[in-house]
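[1] what follows is a predicted structure for the sequence shown.
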Amino acid sequence: MILFTAPSGAGKTTLVKHLLKEYDFLDFSISATTREKRLHERDGVDYYFLSREEFEKKIAGGEFIEWEEVYQDQYYGTLKSEVDRIWAEGKYAIFDIDVKGATAIKSIYGDKCLAVFVRPPSLDVLINRLKGRNTESAESLAKRIERVKREMTYENTFDVVLVNDLLDVAKKEAGYYTENFLLGMPFEFGN
């Protein structure tokens, strides 16, 4: 497994999309969420969009590797069935995941995971990126910025810190870390 984690706006999604284009042995682990679907998003492609009730039923059924209530009534999680699907295809799972989710997965799978923390050049740059998205209300943005500040404290708890200052350099570094990790891993899937 390859875990890319970062606060919102640091560029983890951009790096994961780049790696998916470069390497056909990777497949994206689609997270489940209860948040509202954005206009450009597709169910089963960007996320599995579930109602709160559906999500909580899956929690009770032990269907998640990890899950979290990120904001009130807004859950995110990784379904066991999603990872099983990727492994059944003979591919490595790549994740675009928040820091708590990455921490949980790393604690379960240990050395079978490469956990990459994507760091922005500075907190100010990150806040400007979030504001530039224009995807949420002022209240929602304020909550996200507070969360970003907390998530930045996790930086040194992962295998690699990749600074996303110059995107082309960050893409090359992401490929380098991915290749080197997988070259050292036997090709086996499951626990």
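    All right, it came through fine.

[2] give me the pLDDT for M185.
    As predicted, M185 sits at a pLDDT of 60.

[3] and if you look at G61?
    98.

[4] let me see the contact set for it.
    With contacts defined as Cβ atoms under 8 Å, 6 or more residues apart in numbering, G61 has no neighbours. Every C-beta, even on glycine, is put in place using the N, C-alpha and C of the backbone.

[5] now stretch 174-184: buried residues?
    When neighbours are counted by 16 or more other Cβ atoms under 10 Å, the buried residues of stretch 174-184 are found to be 174, 177-178, 181.

[6] using CSV, lay out those residues together with pLDDT and secondary structure.
    Formatted as CSV, the entries for the buried residues of stretch 174-184 read as follows, by pLDDT from 0 to 100; DSSP: H, G, I helix; E, B strand; the rest coil:
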residue, pLDDT, secondary structure
A174, 96, helix
Y177, 94, helix
T178, 95, helix
F181, 94, helix
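
[7] name the nearest of those residues relative to S8.
    A174 (17.9 Å; Cβ to Cβ).

[8] all strands for this structure, in order.
    With DSSP state E, the ranges of strands along the chain come out as 2-5, 26-28, 32-33, 48-49, 64-71, 74-79, 92-97, 114-119, 160-163.

[9] who are the packing partners of the helix or strand of the chain with the lowest mean pLDDT?
    Counting by mean pLDDT, DSSP states H and E, the weakest-scoring helix or strand in the chain turns out to be helix 123-133, with a mean of 72. For helix 123-133, the helices and strands in contact under the criterion 3 or more Cβ pairs under 8 Å, 6 or more residues apart in numbering; DSSP states H and E are helix 138-151.

[10] ok and the helix it packs on relative to helix 123-133, angle-wise?
    Here helix 138-151 runs at 150 degrees with respect to helix 123-133, directions being taken by axes from the mean of the first three to the mean of the last three Cα atoms, to 10 degrees.

[11] any idea how far the closest residue to H18 other than its chain neighbours is from I94?
    In space, not counting the residues next to it along the chain, H18 is nearest to K171; the distance is 4.8 Å by Cβ to Cβ, 6 or more residues apart in numbering. Counting by Cβ to Cβ, to the nearest Å, the separation of K171 from I94 is 14 Å.
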